[in-house]
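Engineer: just coords:
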């Protein structure tokens, strides 16, 4: 992965593959994600579940050089509900993405990723977070 910033691919997983992954989290194809990111080794991976009133400022652990977030659910998420994957770039500019089921976002740790606070109107935000050290 280069240091140009986040790269997003919506539809990385189709609905059928997404349903299978929700029933069997061990079926995640980390080799495909590693190949897409240009990494040789497998990433560290964990599930991420955030509820209304929650956000996450330190998305990646200390020592991570790059990471990914695979959105699992829910469909129809509205941006005003929060739970956005945000990045702070040069000049304090912020950009980001709302959750979309099956979307994969790759990013360098230098992009300082975070997930914004989920409002009471939002639901649970379920994702798979991975990183390379």
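Structural biologist: Received it, and whenever you're ready, just let me know what you need. Computed from a prediction, not measured in an experiment: that's the story for all the values here.
Engineer: where do the helices sit along the chain?
Structural biologist: 15-23, 30-37 (DSSP state H).
Engineer: center of this protein, which residue is that?
Structural biologist: Nearest to the geometric centre of the chain sits residue 69, at 1.9 Å (Cα atoms, centre = their mean).
Engineer: isn't that residue right up against residue 102?
Structural biologist: No: judged on Cβ atoms under 8 Å, residue 69 makes no contact with residue 102 at a distance of 11.9 Å. Yep, even glycine has a C-beta here, placed from its N, CA and C like the rest.
Engineer: Residue 68 contacts residue 108, doesn't it?
Structural biologist: No: at 10.9 Å, residue 68 does not count as touching residue 108 under the criterion of Cβ under 8 Å.
Engineer: of these two, who's got more company?
Structural biologist: Neighbours were counted for residue 68 and for residue 108 using other Cβ atoms under 10 Å; residue 68 has more, 27 against 20.
Engineer: circling back: quick one: the residue nearest to the centre of the chain and residue 85, what's the gap?
Structural biologist: 6 Å (Cβ to Cβ, to the nearest Å).
Engineer: got any residues that touch both of these two?
Structural biologist: 105, 113 (Cβ atoms under 8 Å, 6 or more residues apart in numbering).
Engineer: any idea which of the helices of the chain is most buried?
Structural biologist: Counting by mean count of other Cβ atoms under 10 Å, helix 30-37 has the highest mean neighbour count of the helices of the chain, with a mean of 15.
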